[in-house]
Structure formats: structure tokens, C-alpha cells
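K.L.:
Here is a sequence with its predicted model. Questions after.
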Amino acid sequence: MLSRAGGDGRLPAPLLCWLLLLGLSGAAGAPSELRVRVRLPDGQVTEESLQADSGADSVTLELRKSDGTLVTLAADFKQEVKIFRALILGELERGQSQFQALCFVTRLHRNEIIPSESMAKLRQKNPQTVRQAEEIRALEHLSMDVTVNFSKGAQLSSHIYNICSEAKETIYSREEDVKFWMEKEMKMNGDVADSTEMRNDGSHRDPGNERNGLDFSRQIKTEDLSESLQTSLSSRSGHLAQGSSMMPGGQILG
């Protein structure tokens, strides 16, 4: 039985320590957050937020660059989806809106980011320490040749709904990644062989073809995939330059 509080209303030391530890550790599988000070490639120091949800198997990294741009990177390990969002401040004196939002949805490769369980265990002894990336990666240019329907994209990854809500008309992806997700959807449902046959005879249409977040039919041949994107994907192109200046990935290990 737990001891009662003393006459002065204070809790016994063992009980107080136990409550403090419980509050710091949190429930198993609950999202955790770590804030660290990081030095950007331009020399500026900013605060980076690292959030890990081992239950949902996802991580989110966010920082604000020296020019005011808010950068968010979310990794959905279950869906193998990576979401990069940039909120770019506009120039009000030039008649621009307060900010411009851009979202880029690409495939998440294995070992690209440390697992959510490992991220949730990260701790730092001195919160005032300024950390630098252990590895400076080369700049990577990605060409985005399709746009994603926001209302359906949430089915591809639940994080799209929250992260890309300000960029409903400017959510971009790559056709090669779309093909990967499409093939994965087919394999998960065991429809690889049947989908081609149903498409050829045209006698049956699976009502589940809108379950994937890209809103194109599962009854298609992989090589014909680009023709099926017109329902929810258009040919508007975007461009993403990805590298150390975007998100210093080595800092998540510090």
C-alpha cells in the first residue's frame, strides 16, 4: 500500500521519484519527442524536433532554417512512404501570400532512416550542446513528374492528411515510386495475376480499386500504369533538391 502524504501535503520521497519516472518514461508505444540544437550547413544554429511513434512505426523530424523556411520530414515505415514538406515564407511587400507550402511524397528505402524504436530511445545529457551532422551527404536531385490527389493520398499514408493539408494542390511524387506502391498493393491483396485477366475481358471491376491512396485502378498492367494516373494524378511537375542542407540526417544519431 502506498504511503499517505505527510501533514504538510508533501509526498514521500520514494513515491515522488516513482511518479517522476513514470511521467518521463511515458506509456509503452506512446509517441516520444526529443529537441536538440543543431548547426546547419550555413553555420546558423536552430532547434530540431525528433518525434518517434513506435506504435505507428513512424518518425518525424522538423526544423526551421535561417531564412524562416519550416522543414518537415516524416517517415512511415509501415507504408514505406517518406513525406517532405517545406513551408516557405512569402514576401508580403511583393503581394505574395504569407507562405507557400510544398509536399513531396517518395518511397522510403530500408536503412534510410533509423527505426522508430531506436529513435524513441534517443536521449541527450546536455540539451544546450550544439550538434553537427556526422555525415554530409551529396546533393540529390529528384524530378517529380506526377501530383497526388490530397483526398486519396491519405490512404497511402495517414501522415499525408496532417502534414500536407496546407499543400493540397502542390503534392508531388515520382512515377517510379507510384509503380512500386502499386505493385506492393497488388501483392498484399494477391491480385497480381487476376488483375490482368479482369482488365482484358472487362467483365468485372473490383470495387476495392480505390483503397490505395493514389486512386487508380488495380486492374491494370504494370507497364500501362502511367495511363491510369489521370484520375487523381496529373502531369504537373515539381522539383526537389535533397541533401544535407535539407535535413542533416546524421544529427538524429547524436
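P.N.:
Done, it's in. All figures in this text were calculated on a predicted structure; none of them were measured in a lab.
K.L.:
list the contacts for the residue lying closest to residue 105 once chain neighbours are set aside?
P.N.:
Leaving aside its sequence neighbours, residue 105 sits nearest to residue 173 (Cβ to Cβ, 6 or more residues apart in numbering; 4.6 Å). C-beta coordinates here come from the backbone N, C-alpha and C atoms, glycine included. Residue 173 sits next to 104, 105, 106, 144, 146, 147, 148, 233 when contact means Cβ atoms under 8 Å, 6 or more residues apart in numbering.
K.L.:
at 6 Å instead, please
P.N.:
Neighbour list for residue 173: 105, 146, 148 [criterion: Cβ atoms under 6 Å, 6 or more residues apart in numbering].
K.L.:
Look through this structure and tell me its longest helix.
P.N.:
The residue-count maximum for a helix in the chain (DSSP state H) belongs to helix 175-189.
K.L.:
CA-only coordinates of it, as PDB, when you get a sec.
P.N.:
Taking C-alpha atoms only, helix 175-189 is exported to PDB below (Å, rounded to 0.1, in the frame of the first residue of the first chain):
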ATOM      1  CA  GLU A 175       6.100   7.700 -61.300                       C
ATOM      2  CA  GLU A 176       8.700   5.100 -60.300                       C
ATOM      3  CA  ASP A 177       7.600   5.300 -56.700                       C
ATOM      4  CA  VAL A 178       4.000   5.100 -57.700                       C
ATOM      5  CA  LYS A 179       4.700   1.900 -59.600                       C
ATOM      6  CA  PHE A 180       6.400   0.500 -56.500                       C
ATOM      7  CA  TRP A 181       3.400   1.300 -54.300                       C
ATOM      8  CA  MET A 182       1.000  -0.100 -56.900                       C
ATOM      9  CA  GLU A 183       2.900  -3.400 -57.200                       C
ATOM     10  CA  LYS A 184       3.100  -3.600 -53.400                       C
ATOM     11  CA  GLU A 185      -0.700  -3.100 -53.100                       C
ATOM     12  CA  MET A 186      -1.300  -5.900 -55.700                       C
ATOM     13  CA  LYS A 187       1.000  -8.300 -53.900                       C
ATOM     14  CA  MET A 188      -0.600  -7.600 -50.500                       C
ATOM     15  CA  ASN A 189      -4.000  -8.400 -51.900                       C
END
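K.L.:
which residues of the stretch 101-250 of the chain fall in strands?
P.N.:
With DSSP state E, counting those that start in this stretch as the criterion, the stretch 101-250 of the chain has strands at 130-131, 140-144, 146-147, 171-173, 238-242.
K.L.:
what is the rounded mean pLDDT of the fourth one?
P.N.:
If you average the pLDDT over strand 171-173, you get 93.
K.L.:
Ok, stretch 110-124 next?
P.N.:
Mean pLDDT, stretch 110-124: 89.
K.L.:
Format the strands of the stretch 101-250 of the chain as TSV; extra columns: distance to residue 67.
P.N.:
Formatted as TSV, the strands of the stretch 101-250 of the chain follow (distance: least, Cβ to Cβ, whole Å):
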stretch	distance to residue 67
strand 130-131	19
strand 140-144	20
strand 146-147	26
strand 171-173	21
strand 238-242	15
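K.L.:
related to what we said a few turns ago, tell me the most packed of the contacts of residue 173, by neighbour count.
P.N.:
residue 105 (32 neighbours; other Cβ atoms under 10 Å).
K.L.:
Would you confirm that that one contacts residue 83?
P.N.:
Yes - between residue 105 and residue 83 there is a contact at 5.5 Å, judged by Cβ atoms under 6 Å.
K.L.:
circling back to that earlier point, looking at the strands of the stretch 101-250 of the chain, which is buried most?
P.N.:
The highest average neighbour count among those, using mean count of other Cβ atoms under 10 Å, belongs to strand 171-173 at a mean of 25.
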